[in-house]
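[1] Please find the sequence and the predicted model below.
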Amino acid sequence: MIPESNLHTEIEARLRFETLIADLSSKFVNVPAGAVDSEIMDAERLLCEFLGLDLAALWQWSAEAPGVLTPTHVYTREGLQAPGQMRQEQFPWYVQQMLAGCVVAFSSLEELPAEAAVDRETCRQLGIKSNLTIPLSVGGEPPVGILGLNTTRMERDWPDALVKRLQLLAQIFSNALARKRADQVLRESEERLSLAAEYAEAGFWVLDFRTRVFWATEEARAIFGYSPEEVVSMDRFKDSVHPDDWDLLQGSLERSVKTREAVNVEYRIRRGDGSIRWIASRGRPHFAPAGEPLRLMGASMDITDRKGAEEALRASEARVEAGADLAGLGCYEVDFVEPSCFADDWFHKICGGPAGHQPGLALVQFWMQHLHPEDTQHILDQREKLHDGRLERLSIEYRYLHPTQGLKWIHHLARVAERDATGRAIRSYGAVRDITLQKQAQEALHDLSGRLIRAHEEERARLARELHDDVTQRLARLAIDAGRMQGGSDPASAAETMRSVRDGLVRLSEDIHSLSYRLHPSLLEDLGLAEALKAECEQFSRQGPIAISLKLQGLPAFIPPETALCLFRVAQEALRNVARHARARGVEVSIRTVDGGLQLAVIDDGIGFEPAGPRDRHSLGLAGMRERLLLLDGELEIESTPGKGTTVLAWAPLKEGQI
């Protein structure tokens, strides 16, 4: 039988402990989230002081290190070091019990079962003599940690009544920590939502269907032009909406209440300053259990700038479409991933393929099949270079066999819109234009130019024949007659006079002969290009102090007359430019077989010029050279640097068998 004094003392102790538990419990009923940690640590201190414990620690699983328990709330008696992190392998049996939701209590280390040998040794190293461990969990969820109460100076018992009360306190701790975590998650969510709203420049609002009054954030009020203290009723909101858009907005609200679908609408508002703004509003209705609509929660954004950009884009697209129609451009786009193709009506008119959006790459195959056989390989090679990144832009002219309209000439522009990680094209776009009439006009122009040049040469030949066969012979006869008159009445005077007349007539004859040669080099027809160039160089050397040399390397036995005449005229014009403009000391003329044709080179050591600079009148001669060579599908290159002379390179092709 317990003595009355001891019983009275025990009852008083229990009452004090119950009072402590009640006080601690009441503290945690409405404790703010920010004060939870300090209240738990204060409660640990009071427990240790009341129960004579040396160490109280609340452990939670570490988020950074799986399998590790971290002491988050610790109280120790003075002089005792606080524990550090605890790894699962240090207390394997304890962890197993904790995960099973079991309370562990021992008065001495010897009470631990054999399977807790590792745990016993760890406790011994930490100096723990008695321990009570209570799992922490909320709402039947797996434990998130433990509350450990320990003694290090002496052993003690853990009566069931005490354990039950401490379990209640541990549950209070768990609930408080859960509220703290929920509050933290809520604050983080609100912060993210606030940041998202700020980033998106959105305003949040709630429409109460019963009062027909809006609650709105400052951002929402700023968007609609409402003052911070203004009561925003449905009537006030209606006054803000553009009259032409109210039916659309009202219908969207009514449909949302009826179908329980979200509101998603764009409309205009009129603000107090008279400005018109475009607004995008999104909202979701909420209903009472009986189905009555309670409120509509949503957000609104000012999309005026986006609407302006869309309008500008539509206007730009309309201008582009009008320009494409005016220029006759057919546009297309190819997606190699989907895969799919798009072609507009002009592309259909030009190439004959189907218009509109087409699944697959049939349109590409159609286009390939109608390329002119002689142009196909070159076109596909260029297309491959574009697709693998060797070309940034494709611009090419080629022949195309339209399925119903026959042969066409097409100018094709293409670019890559998107590439994959390897640089390969996965989406491309381009435009085509029918240049058949342009090509025909160019061919007609070239033909006309050729006929004009031929007519010019024929006229020169005619004039040359007349000068040579008529004028020169008559002048020669006059010279002979004048010579006979030397035997006149005054022989000495007559002889001198007639001698002068004869010499002048001879020089005139030579000049006319020279003119005849320049108009049409008969030597070119009679003896060929090589001899004609030799004669031209000899004549050039007689005209001034410029030294000239001629190199002839492996010329074919036969050179077509039009090719010989073209190169001879280019040489004439080049030498004429040297004499007039180069201020050269020497010039070299050479002609040789190169790349299936004849290459003429005229190189001087004169003052040179800047080919890209402004041209003066003598550039007309260069234009004439280019035109002559263009008629033969030849090429002309002018290489010159101020102070370093000039090189004229003319190349004219020869047909197979002529080389």
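    That came in fine, so what should we check first?
[2] Which positions in the strand ranked longest in the chain come out as buried?
    Ranked by residue count, the top strand of the chain under DSSP state E comes out as strand 406-419. By neighbour count on 16 or more other Cβ atoms under 10 Å, the buried set for strand 406-419 is Lys408, Trp409, Ile410, His411, His412, Ala414, Val416. (C-beta placed from N, C-alpha, C; glycine too.)
[3] Now the element after it, going C-ward?
    Next in sequence after strand 406-419, counting helices and strands by DSSP states H and E, comes strand 425-434.
[4] What angle do strand 406-419 and that next one make with each other?
    Interaxial angle, strand 425-434 versus strand 406-419 (axes from the mean of the first three to the mean of the last three Cα atoms, to 10 degrees): 150 degrees.
[5] list the helices and strands the longest strand of the chain packs on?
    helix 345-351, helix 373-387, strand 393-402, strand 425-434, helix 436-466 (3 or more Cβ pairs under 8 Å, 6 or more residues apart in numbering; DSSP states H and E).
[6] who wins for proximity to Ile546 among the ones you listed?
    Nearest of these to Ile546, taken as Cβ to Cβ: helix 436-466 at 26.1 Å.
[7] Report the rounded mean pLDDT for the closest one.
    Helix 436-466 shows a mean pLDDT of 73.
[8] what's the answer for stretch 166-179, then?
    89.
[9] in that stretch, what's buried?
    Leu166, Leu169, Ala170, Gln171, Ile172, Phe173, Ser174, Asn175, Ala176, Leu177, Ala178, Arg179.
[10] So what pairs up with the nearest residue to Lys439 once chain neighbours are set aside in the strands?
    Once flanking residues are discounted, Lys439 sits nearest to Trp409: 4.2 Å by Cβ to Cβ, 6 or more residues apart in numbering. Note on Trp409: beta-bridge partners Arg399, judged by DSSP bridges.
[11] my guess is Trp409 meets His402, correct?
    No - counting by Cβ atoms under 8 Å, Trp409 sits too far from His402 to count as a contact (10.9 Å).
[12] ok, back up a step: in a markdown table: the buried residues of stretch 166-179, plus secondary structure and distance to Val265.
    Listed next are the buried residues of stretch 166-179 as a markdown table, based on DSSP: H, G, I helix; E, B strand; the rest coil; distance: Cβ to Cβ, whole Å:
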| residue | secondary structure | distance to Val265 |
| --- | --- | --- |
| Leu166 | helix | 58 |
| Leu169 | helix | 54 |
| Ala170 | helix | 53 |
| Gln171 | helix | 49 |
| Ile172 | helix | 49 |
| Phe173 | helix | 49 |
| Ser174 | helix | 46 |
| Asn175 | helix | 44 |
| Ala176 | helix | 45 |
| Leu177 | helix | 44 |
| Ala178 | helix | 40 |
| Arg179 | helix | 39 |
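[13] Those residues into TSV, with extra columns for distance to Gln90?
    Formatted as TSV, the buried residues of stretch 166-179 follow (distance: Cβ to Cβ, whole Å):
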residue	distance to Gln90
Leu166	23
Leu169	26
Ala170	22
Gln171	26
Ile172	28
Phe173	23
Ser174	23
Asn175	28
Ala176	27
Leu177	23
Ala178	27
Arg179	31
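[14] The residues you listed: which two are farthest apart?
    Largest pairwise distance in those, by Cβ to Cβ, is 20.3 Å, between Leu166 and Arg179.
[15] Quick check: pLDDT value at Tyr400.
    96.
[16] Buried ones in stretch 78-86, by neighbour count?
    So, applying 16+ other Cβ under 10 Å, buried residues of stretch 78-86: Pro83, Met86.
[17] mind checking the end-to-end distance for it?
    22 Å (Cα to Cα, to the nearest Å).
[18] Would you confirm that Val68 contacts Ser62?
    Yes - judged on Cβ under 8 Å, Val68 makes contact with Ser62 at a distance of 4.3 Å.
[19] Please report how far the nearest residue to Ile134 once chain neighbours are set aside lies from Ala601.
    Leaving out its chain neighbours, the residue that sits closest to Ile134 by Cβ to Cβ, 6+ apart is Ala170, at 4.2 Å. Going from Ala170 to Ala601 by Cβ to Cβ, to the nearest Å gives 103 Å.
[20] Same check on Ala105?
    Taking Cβ to Cβ, one finds Ala105 at 110 Å from Ala601.
[21] Ok, Ile548 next?
    Relative to Ala601, and taking Cβ to Cβ, Ile548 is found at 13 Å.
[22] Between these two, which contacts overlap?
    Common contacts of Ile548 and Ala601 (Cβ atoms under 8 Å, 6 or more residues apart in numbering): Glu588, Val589.
[23] ok so, going back, what's near enough to touch the residue nearest to Lys439?
    With Cβ under 8 Å, 6+ apart, Trp409 has these contacts: Glu397, Tyr398, Arg399, Tyr400, Asp434, Ile435, Thr436, Gln438, Lys439.
[24] any idea where the helices of the stretch 201-350 of the chain begin and end?
    218-224, 234-240, 243-259, 304-327, 345-351 (DSSP state H, counting those that start in this stretch).
[25] Give the closest residue to Leu649 in space, chain neighbours not counted.
    Counting by Cβ to Cβ, 6+ apart, the residue nearest Leu649 is Glu637, at 4.4 Å.
[26] can you pull the contacts of that neighbour?
    So Glu637 contacts Thr647, Val648, Leu649 (Cβ under 8 Å, 6+ apart).
[27] Reformat those as CSV; add secondary structure and distance to Thr211.
    Shown next, in CSV, are those (three-state DSSP; distance: Cβ to Cβ, whole Å):
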residue, secondary structure, distance to Thr211
Thr647, strand, 93
Val648, strand, 94
Leu649, strand, 92
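[28] Ranking by neighbours, what's the top pick from those?
    Val648 (24 neighbours; other Cβ atoms under 10 Å).
[29] List the beta-bridge partners for it.
    Beta-bridge partners, per DSSP bridges, of Val648: Val602, Ile638.
[30] give me every residue that touches it.
    Val570, Ala574, Leu600, Ala601, Val602, Ile603, Met625, Leu636, Glu637, Ile638.
[31] Measure how buried the fifth one is and give me the count.
    The one in question is Val602. Neighbours of Val602 using other Cβ under 10 Å come to 23.
[32] Test my guess that it contacts Ala571.
    Yes - Val602 is within contact range of Ala571, at 6.2 Å (criterion: Cβ under 8 Å).
[33] re the thing from before, quick one: which of the contacts of Trp409 has the most company?
    Of those, with other Cβ under 10 Å as the count, Tyr400 tops at 23 neighbours.
[34] what's near enough to touch that one?
    Neighbours of Tyr400 in contact, by Cβ under 8 Å, 6+ apart: Cys351, His370, Leu371, His372, Leu407, Lys408, Trp409, Ile410.
[35] so what's the third one closest to, chain neighbours aside?
    To tie it back to what came earlier, the one meant is Leu371. Per Cβ to Cβ, 6+ apart, closest to Leu371 is Ile379, 5.8 Å.
[36] tally of neighbours for that neighbour?
    21.
[37] cool, and Arg542?
    Arg542 has 7 nearby residues by other Cβ under 10 Å.
[38] Could you look up the SS state of it?
    Classification of Arg542 by DSSP: H, G, I helix; E, B strand; the rest coil places it in helix.
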